[in-house]
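*Asks:* Return a 3D structure for these sequence lines:
(one chain, ligands or ions: 2)
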Amino acid sequence: MFNRASFLTRLVASSVKVSETAGGIIKNVMTAGDLKIVNKCDGGYDPQTEADRRAQYCIVQSLQNRYKDLKIIGEEDETTACPEVELGFSEDVLNLESSLNSELRNIKEEDVVVWVDPLDGTSEVALAVKNKNLALLEQVTVLIGIAHKGRAVAGIIHQPYFSENGRTVWAINGCGVHGITPAQSNAKKVVVTTRSHLSESVSSALEALKNKDLADSIEKVGGAGYKVLKVLEGSAAYVFASAGCKKWDTCAPEAVLEAAGGNLTDISGRKIRYDSNIQLNNTGGVLATASWVKHLDYVNSIPDDIKNQLPEVASKK
Ligand SMILES: Nc1ncnc2c1ncn2[C@@H]1O[C@H](COP(=O)(O)O)[C@@H](O)[C@H]1OP(=O)(O)O
Ligand SMILES: [Mg+2]
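*Replies:* Ligands and ions are numbered 1, 2, ... in the order given. Sure, this is the predicted structure:
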């Protein structure tokens, strides 16, 4: 069955399993207790742990083992070799093959870019360990986003610390969302935003949304993957009017949210591109909304002066 499936179905079926194995690696590093944290950012703080390095090694080795010529862009430049190579695949994904439209079924390996964030929410991991606040680990996700000709078409969000055994939420364009039942409405409009990268422009955008009755309350949590899960669970929107978030943070969440009828764009409402030669930063910020609110209302309510501070930059510097 695996060998007869289309390339996209096979890749998603493999990626679901690979994300779960990466989640296991993260948990093992945490249990072992030595995170070996390094700061990747000169003059700022962008932590990387042994869990990020091992999880990315496993994801890239596992996918490259099956798909030799696949273009994979991962967050981490430094990785740590680990023995786990996951060659399994999800039967649930293979069973979806007949739901794919012909365009998706004909996707070729050479037109695909896989965007990998092996551990989204690293700041939350560092803080969880420092403050012995293990509840923060719920905000950790493994993100594998699949882009075809620059557009996010499938995504996997694995949440290792959800409940006892974690959960995997995945989607292929037009084929619904799996692993979660998205909320269809909420009397209250909760807007989720960054916990660790607050800035003046983020605060001003949130204030503008409050003034237009588009945000009844604000919740500050970590990780792009986790924030999109919050939107699927009943929050109205995820707003980040700043430039630090990268393509590997948004590719999988965008595909998953859009398959549930929601939207993820930059704060000016422009689609985010995921071509292999693209600028890594989401220079236009991030705006994600649930299926039951109007994305354009949120776009239009963010003041132009904030949008002008966050122009789209398409090519790599
Ligand atoms: N200024 C920044 N520098 C580095 N990473 C950022 C920055 N802003 C956002 N990110 C990444 O985007 C994700 C969502 O941001 P936030 O939690 O602040 O809303 C973060 O978990 C982080 O990914 P990562 O944890 O993989 O480094
Ligand atoms: Mg990230």
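
*Asks:* how is this structure carved up into domains?
*Replies:* 7-178, 190-309 (automatic domain parsing).

*Asks:* right, is the last one up against ligand 1?
*Replies:* Yes: using Cβ under 6 Å from any ligand atom, domain 190-309 reaches ligand 1 at 194-197, 222-224, 240, 244-245, 249. Heads up, the C-betas are built off the backbone N, CA and C, glycines and all.

*Asks:* quick one on the thing from earlier: can you add mean neighbour count and mean pLDDT and give the domains of the chain back as CSV?
*Replies:* Formatted as CSV, the domains of the chain follow (neighbours: other Cβ atoms under 10 Å; pLDDT from 0 to 100):
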stretch, mean neighbour count, mean pLDDT
domain 7-178, 19, 97
domain 190-309, 21, 98
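
*Asks:* Quick one: those domains as TSV, columns for distance to residue 184 too.
*Replies:* Compiled in TSV, the domains of the chain are given as follows (distance: least, Cβ to Cβ, whole Å):
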stretch	distance to residue 184
domain 7-178	12
domain 190-309	6
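
*Asks:* Of all those, which one is nearest residue 1?
*Replies:* When those are compared by Cβ to Cβ, domain 7-178 sits nearest residue 1, at 5.5 Å.

*Asks:* circling back to that earlier point, just name the closest of the residues of domain 190-309 next to ligand 1 to residue 60, please.
*Replies:* Closest to residue 60, out of all of these and judged by Cβ to Cβ, is residue 249, at 17.3 Å.

*Asks:* Mind giving me the packing neighbours of the helix or strand that contains that closest one?
*Replies:* For residue 249, the host element (DSSP states H and E) is helix 247-259. Helix 247-259 sits against strand 71-74, strand 112-120, strand 141-148, strand 151-159, strand 167-172, helix 224-232, strand 263-265, strand 286-289, with contacts defined as 3 or more Cβ pairs under 8 Å, 6 or more residues apart in numbering; DSSP states H and E.

*Asks:* would you put the C-alpha positions of the next helix or strand after the last one in PDB?
*Replies:* Same thing as strand 286-289. Going down the chain from strand 286-289, the next helix or strand is helix 295-301, by DSSP H and E. C-alpha atoms of helix 295-301 as PDB (Å, rounded to 0.1, in the frame of the first residue of the first chain):
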ATOM      1  CA  HIS A 295      -9.500  37.000   8.900                       C
ATOM      2  CA  LEU A 296      -9.900  40.300   7.000                       C
ATOM      3  CA  ASP A 297     -11.500  42.000  10.100                       C
ATOM      4  CA  TYR A 298      -8.200  41.300  12.000                       C
ATOM      5  CA  VAL A 299      -6.000  42.400   9.000                       C
ATOM      6  CA  ASN A 300      -7.900  45.600   8.600                       C
ATOM      7  CA  SER A 301      -7.900  46.400  12.300                       C
END
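
*Asks:* list the helices and strands helix 295-301 packs on?
*Replies:* Partner elements for helix 295-301 (3+ Cβ pairs under 8 Å, 6+ apart): helix 200-211, strand 263-265, strand 286-289.

*Asks:* just so I know, which of these lies nearest residue 86?
*Replies:* That would be strand 263-265 among the helices and strands packed on helix 295-301, by Cβ to Cβ, at 27.2 Å.

*Asks:* Each with direction, which strands does the closest one pair with?
*Replies:* Applying DSSP bridges, strand 263-265 is found paired with strand 286-289 (antiparallel).

*Asks:* Residue of this protein nearest ligand 2, please.
*Replies:* Among all residues of the chain, residue 120 sits closest to ligand 2, at 3.7 Å; criterion: Cβ to the ion.

*Asks:* you'd agree that residue is up against residue 142?
*Replies:* Yes: counting by Cβ atoms under 8 Å, residue 120 touches residue 142, with 7.4 Å between them.

*Asks:* Please enumerate the shared neighbours of the two.
*Replies:* The overlap between the contact sets of residue 120 and residue 142 (Cβ atoms under 8 Å, 6 or more residues apart in numbering) consists of residue 225.

*Asks:* by contact count, what packs against the biggest helix by length in the chain?
*Replies:* Using DSSP state H, we find that the single longest helix of the chain is helix 7-32. For helix 7-32, the packing partners by 3+ Cβ pairs under 8 Å, 6+ apart come out as helix 50-66, helix 91-94, helix 102-105, strand 112-120, strand 141-148, strand 151-159, strand 167-172.

*Asks:* can I get these in TSV with distance to ligand 1?
*Replies:* Shown next, in TSV, are the helices and strands packed on helix 7-32 (distance: least, Cβ to the nearest ligand atom, whole Å):
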stretch	distance to ligand 1
helix 50-66	8
helix 91-94	25
helix 102-105	28
strand 112-120	4
strand 141-148	8
strand 151-159	13
strand 167-172	17
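
*Asks:* Could you say which one of these comes nearest to residue 201?
*Replies:* Closest among these, using Cβ to Cβ: strand 112-120, at 21.5 Å.

*Asks:* related to what we said a few turns ago, and residue 297, which of the helices and strands packed on helix 247-259 is closest to it?
*Replies:* strand 286-289 (8.5 Å).

*Asks:* Fine by me, we can end here.
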